[in-house]
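A.B. asks: make a model of this:
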Amino acid sequence: MSGFGIRKHNAGRAIVRFLIGLFVIAVCVLVLYEFVLNGDFSSLIERSPAKTPVISAINPPEETNRPEIIKGSDKPVSGEENENPLDDPDNAGSMAQSTPEPTLEPTAEPTATPTPAPTPIPESEFSQIITEFGEVGTSIKKTDFKVIDDKIKNCLTAFELSAPNDYKVISLTGWAYPDDERFDGSKCSIYIVILDSKGATRFYQPAIVSGVTGTVHEGKGKNLNMCEFMATIDVSDYENGDYQIGVGIMYKPGSTWRKYAYTFGAAYNFTTVDGVVTAVGGVEVS
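C.D. replies: Residues are numbered from 1 along each chain as shown. As a prediction, the model looks like this:
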């Protein structure tokens, strides 16, 4: 029995030694692996002098005193004068190639906007002559219109001669009404009256255009804005002579009709020759 116990004890020690040896071998293998993998063996390699490049440091050139250039001057202030690189034909060619000249784009000439030519006033817009108070040439006294100066408020805001119509057409814009608190502009009749030097008349029907003059009326009566008018007078068939422009107003404030006529004054008197207006207010038309 004692012999068996001794052999068993020796076997256990052998196993322990085997395991320790195995552990030591594993550690050595691991250390050797790391050494081979990460070790630097460049010092052990013999380099050939022909294949080993020699790198030498390039020393930067010594800085020279550069002349200070004053803006607007091509000469250096201090130091030696620099040679103009353009003096060398080779340098001049290289610099010319490296700096391209800018290409100038053509400047577009502005296109003038044509001014529309004025057009003649068509005959369809001419004010119509009315014969309600007598034929053309009837004396103002026979028309029952009373020519007055103090009861009519009026104004011509535009008096124009039409050059495209060869100064044979007059355009008028204005307003007129009696200074009467009983007056109602919505119930009156307004006419343009042309008088020659003998008092012969021509009556025209103007267009009533409320607000065309932009005037704020402060006279007596009501609906005064309905007494604003526009008229286009054709004088191509007028006899040679001097004429006055006026306005006729007919309204009924009570039981009877009232007829008043008023001339706009010497500033609007005009002269015709061969059916053409040659002067207005004594001033020749140019």
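
A.B. asks: and the helix or strand hosting Leu172, which strands flank it?
C.D. replies: Using DSSP states H and E, Leu172 falls within strand 169-178. Sheet pairing for strand 169-178, assigned by DSSP bridges, gives strand 152-161 (antiparallel), strand 228-234 (antiparallel).

A.B. asks: next secondary structure after that strand?
C.D. replies: strand 188-196.

A.B. asks: just the angle between the helix or strand that that next one is followed by and strand 169-178, please?
C.D. replies: As assigned by DSSP H and E, the chain's next helix or strand after strand 188-196 is strand 201-205. Strand 201-205 runs at 90 degrees relative to strand 169-178, counting by axes from the mean of the first three to the mean of the last three CA atoms, to 10 degrees.

A.B. asks: state which helix of the protein is the longest.
C.D. replies: helix 2-38 (DSSP state H).

A.B. asks: now the strand holding Leu172 against strand 188-196, angle please.
C.D. replies: Using the same axes, to 10 degrees: strand 169-178 against strand 188-196 is 130 degrees.

A.B. asks: stretch 150-166: which residues count as buried?
C.D. replies: Ile152, Lys153, Asn154, Leu156, Phe159, Leu161, Ser162, Asn165 (16 or more other CB atoms under 10 Å). Heads up, the C-betas are built off the backbone N, CA and C, glycines and all.

A.B. asks: can you tell me which of those residues is nearest Pro178?
C.D. replies: Nearest to Pro178 out of the buried residues of stretch 150-166 is Ile152 (CB to CB; 5.7 Å).

A.B. asks: find the nearest non-adjacent residue to that closest one, please.
C.D. replies: Spatially, and ignoring its direct neighbours in sequence, Ile152 is nearest to Tyr262 (4.1 Å; CB to CB, 6 or more residues apart in numbering).

A.B. asks: touching, the one you found and Gly246? I think so.
C.D. replies: Yes: here Tyr262 reaches Gly246: they are 5.5 Å apart, a contact under CB atoms under 8 Å.

A.B. asks: before we move on, the earlier item: and the two most separated of the buried residues of stretch 150-166?
C.D. replies: Farthest pair in the buried residues of stretch 150-166, by CB to CB: Lys153 and Asn165, 30.9 Å.

A.B. asks: sorry, back to before: which residues do Tyr262 and Gly246 both contact?
C.D. replies: With contacts taken as CB atoms under 8 Å, 6 or more residues apart in numbering, the residues that reach both Tyr262 and Gly246 are Val147.
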